[in-house]
Structures are given as structure tokens and as C-alpha cells.
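**Q** turn this into a model:
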Amino acid sequence: WRAQSRSWKLLSSSCFCGPVSRTPPGAARISDMRSSLLGKGCVGKTSMRTIGLLQRIAPVRAAVAATRRVHAQVATTEASQRLEEVSSAGSATPAVDPYVVPPVNHRELPTNYAPETRFTVDSVAAADALRFRLDPSVEFWANHLTRIRTLANSRSFSDVPSQEITNRQRLADLVATVTDLLSTSALQDAESAAYWTYHLGRAGFFLGASAGGAIAHHLSEQFSALSSSKEAARTPLQNLSANATSELTNRLAECIAVWKQDLENIKKGLYKLPWDMTTLSHRQYNPLFVLSRSAQFFSEAIYTLNRRINNADPNNWFSTNMYPKYYADNTFHYQTDGWFSSGSANVYEFSTEALFFGRQDAMQRTTLVPLAEHIRATGADPAGMTLLEVSCGTGRFHTFVKDNYPTMSTIASDLSPFYLSKARDNVKYWKSMRAASLDLGGTDKTGTDYMQCAMESIPLPDASVDAVLCVYSFHEMPEGARLAAVQEFYRVLKPGGLAVLTDSAQLGDRLEWDRNLGQFGNFNEPHYRY
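**A** I've put the predicted structure just below:
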């Protein structure tokens, strides 16, 4: 992982990391990082990719690579030449590098292919193989077997009769996965047994919640059609029901693989067991709290899915010139009020966990892997470090940072005052549960301060923080904003500092899903395709 360039890529369902090397101002080596944890199936945000390690180290030649779902832009002559060597069909054979994965012959370009930069490659994964040393998790997820991949490897899809992939076969695959899980992980020790009991229960709960939201929306559509004497539109519930066994088995198998990797990271001492799991007095175990959040989610699901199937106007409920236009003028995911209400902030965590069948926390925790490795490698004392999390949202992930490094000074920033307020509440709640007797400094004695700002313009001095974390944000930003944000990360980092970016899977990470990745753009993610 760490040698010479100190760049690395790590996939946790697809988790990716890459560093930024420190050079004089204007000549930073910045590799746009993404982290992918596959989670959703063949449509939408199928992979969450913990991407990115930007690290300021010894001066090197300037190199900037901005990875994206369709292609990679490379702002150095050296990098562009290497990409062209892989992309071209020339007869010259490039030198063999033991740390580089051979280029993949991709079957076809994705439906959303729309190059608009100077340099392009078949996939972002191919560009990553040139730019980063790859963690073994990359290969694991690239070759993670599903029945779709098995058939694709054996013959063309057109040769496979539809009856061949039967429900019985899918269920048999899932049973085999669970059996392997029990024999290799869940029954190893008491800690492992507790981990799997909790997370399988979590999957069952959020699976039920997800189904409940789809059913609530379907019934709402049927009643609306009856009252208006119009034919009801086809609903997501009907689409999912038509392929329910395949959808469920695929997603649950992915859940198991993600959690198995999460537990392995815990066993390696990279981070602790999730604090909400081990804190039995946590409000998530309170039935009244759960019922309240479930009711909010069902109501939100009806409105969100209605907007989705009707291609509703994505504009926000108010106009302003106080925020970046891409942020203020769009209700991402068709969620009510976009990022601008306390109601949106209150239902967001439940909604995303339902979307990913309860594995979002594990997906986000991959961000802690490069942080732990960095601290180990540098011998830094967390108590003497300052960490900035940009676009912190509701602050749920920030509580995992706090639980692992309670004495570390942290800054949580976000553009939305509503989500920032929710983040403050979540961090305060973490302290009341886990560090009630400690005065950690900062706001509310939590050791955390809060900052309302765009990550493209961070109101901090140069070289003022030791680490920058960015989770689930880059796919909602236009290219110019992403580049400006990376420049800001570089500016505020101290020499030798670290930046980690976690975001969606990229083209080439899971070849069988490539043609469907762009479909998540249909869920009012206008920048997802570019």
C-alpha cells in the first residue's frame, strides 16, 4: 500500500483510496479518490467506494487525476501517456509492473458514455490500476461471484435461457453463502457471533422497512387512481415483485460480503465494533423511537417515489444566492425539501439504511481504514490531531470517528444548517452514551466544532488540519466543484496529512453492472453520469 508514491486503492464492496503528494503550491499530486461498497444490485448506486487517500508527502512531479464514472481526466503528460498506452491498440508492449492489474477488455461502453475531457479510458477502474497500488479487496470485489457473473464468464447472455436462472438456484446460492459464513466467521468466537446476530437482524428490519415503504407507495397510487378514475401508474413495488427472489438474494449476498469484510477490519484492530451495537441503552433499541422513525420513513417514501415515477420538478422550495447553484436548486433523490429542512434531516438516515438493507454504516466505516493505517504508519498521537469531515450530513458517521478517536479534535462541516444541527445532536448523543464524564473541549464538550461551508471554500488557514474526510458527496457535485474541493483539501492539510474520499462504485469495478451504473442518475442525481 505504502511505498514510494504512497498511493493505494482499497475496495470494501469496492473501497478505493489514493493519496495526494505535497509539492509547492500549484503543483500538488492529487488523485481523485473514490471508495466503493457495492450494495444495491444491478440498478442505481450499486457500489459504495471508499475512495481516496490524499497524502501530502515529499515533492514529486505534479499529477492530477479526476476519476469519474465514465472516464478519467489526467492533467499531466506522464499520466496521459500511460493511459493512452492502455487504451490504444498499438503493437508496443508496455513494461510489466507487478503492482498494476492488466488492462481489462471491456465488453461495451455504458449507455451513459459521454466523454467531455481531454483524456479518456475504457473505465475508471483501468485508470486506477495505473495510478494506485491495489489493496487485495479490489480484486475480491472485482471477481466477487454472482450467478450473473458466472453465466457471463461462461457464455454470452443471449445464449442463456431465462429459465436457467431459477429461483431455486438463487436460493441455493444464498444458502451456500450463509453456510460458508457460519463456518468461517459467525461461529469463530462470541464477538463474531454477536456481530452477525446484530447485523443479520438489522438487515431483516431494514428489508422489512424498505418493503413497507414500497407497499405504502403502491397503495397510495391505487387509492389515488380510484379517486380520479385514472389508470394507476406502474409502481416500483410491481417492478421489484416481478423479480423479487433475484433481487433479494443478490442484495442479501452482497450484505453478507460487506459485513464479513467489516468484521475482518474490526478483527485487524482498524476500528472498533460499532458503538450503537454494543450500547444496549441506545435509542435504536427503544420500540417507540423505532416506530416514530418508521412512520416518518413510510410517509417520505410515498412522496419520494411519487416524484420519481412522475419525473417531478427537481427545484427546491425556495430560491437563494447564498449557496452554490448546483446545491440549492435541486432536491437530490427527490427527497422532500432537498437538504433544507429539519424533516429531511430527521428521515435521511433511516431512508438510506432502508435503501441499502442496513449496511450503510459498514459501507461508511471503510473510511476509517486509511485513517487507522495512516496513524499507525506515522505514529501520530490522535489527541494531538485535528480532523475535518466535509459534507458531514447528519453526523452519523462522525460519531464512529469520535468513538474510535474520542480525544481527537474534529470539525464537522456541511452546507445545510438543518443537517449540521442534526450532526450536532448526534454527536451530543454519542457523548452522552459513551463519554458522559469527559470534557473533550469543543462545542458541547464533545471535542467537535461545527462549520457551515462549501467544501470548495473552507474557512480554515493553510496547513491547519491533519486529516480530511469526505463521504458520499462527490457524486452530487459537478466536475468543477470536485476539483475545487480537492484543491481546498490540499490547501488545509498539514504536510504529511491525509484525505479520504468515499463515494460510489466506478465503471470497471464490477463489470457485470457497468451498463446500469448510470441509471442512478434517474433518481435526481444530475451529476452522477459525469
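**Q** where does this protein dip in pLDDT?
**A** For the chain, residues meeting the criterion pLDDT under 70 lie at 1-122, 128, 131-136, 145-174, 177, 182-183, 529-530.
**Q** who does the longest helix belonging to it touch, helix- and strand-wise?
**A** Counting by DSSP state H, the longest helix found in the chain is helix 190-228. Taking 3 or more C-beta pairs under 8 Å, 6 or more residues apart in numbering; DSSP states H and E as contact, the helices and strands that helix 190-228 lies on are helix 236-241, helix 244-267, helix 275-278, helix 287-309, helix 342-355. Where you see a C-beta, it was placed from the backbone N, CA and C, and this is true even at glycine.
**Q** any idea how many residues pack against the spatially closest residue to P461 that is not a sequence neighbour?
**A** Once flanking residues are discounted, P461 sits nearest to V492: 7.5 Å by C-beta to C-beta, 6 or more residues apart in numbering. V492 is flanked by 21 other residues according to other C-beta atoms under 10 Å.
**Q** ok, the one 3 residues further on next?
**A** Using other C-beta under 10 Å, P495 has 10 neighbouring residues.
**Q** Three-state assignment for it, please.
**A** Look at P495: counting by DSSP: H, G, I helix; E, B strand; the rest coil, its state is strand.
**Q** thought it was touching V465?
**A** No. Applying C-beta atoms under 8 Å, one finds P495 not in contact with V465, separated by 11.7 Å.
**Q** for the residue nearest to P461, give its distance to V390.
**A** 10 Å (C-beta to C-beta, to the nearest Å).
**Q** that's a helix at S421, yeah?
**A** Yes. Counting by three-state DSSP, S421 is part of a helix.
**Q** that one touches S341, doesn't it?
**A** No. S421 lies out of contact with S341 (C-beta under 8 Å); the separation is 11.0 Å.
**Q** related to what we said a few turns ago, between the longest helix of the chain and helix 287-309, how many degrees?
**A** Between helix 190-228 and helix 287-309, the angle comes out at 50 degrees (axes from the mean of the first three to the mean of the last three C-alpha atoms, to 10 degrees).
**Q** which parts of helix 190-228 are buried?
**A** Neighbour-count burial for helix 190-228 flags 192, 195-196, 198-200, 202-203, 205-207, 209-211, 213-214, 216-218, 220-221 (criterion: 16 or more other C-beta atoms under 10 Å).
**Q** what of stretch 502-517?
**A** Residues of stretch 502-517 classed as buried by neighbour count (16+ other C-beta under 10 Å): 502-517.
**Q** could you pull out the helices for the stretch 351-500 of the chain?
**A** Using DSSP state H, counting those that start in this stretch, the helices of the stretch 351-500 of the chain run over 360-365, 368-378, 396-404, 417-434, 479-492.
**Q** could you dump those to CSV with distance to P314?
**A** Formatted as CSV, the helices of the stretch 351-500 of the chain follow (distance: least, C-beta to C-beta, whole Å):
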stretch, distance to P314
helix 360-365, 23
helix 368-378, 33
helix 396-404, 25
helix 417-434, 19
helix 479-492, 17
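**Q** which one of those helices is the most hemmed in?
**A** Of all the helices of the stretch 351-500 of the chain, helix 360-365 carries the top mean neighbour count, a mean of 25, counting by mean count of other C-beta atoms under 10 Å.
**Q** name the helices or strands packed onto that helix?
**A** The elements that helix 360-365 packs onto, with contact taken as 3+ C-beta pairs under 8 Å, 6+ apart, are strand 47-55, helix 244-267, helix 342-355, helix 396-404.
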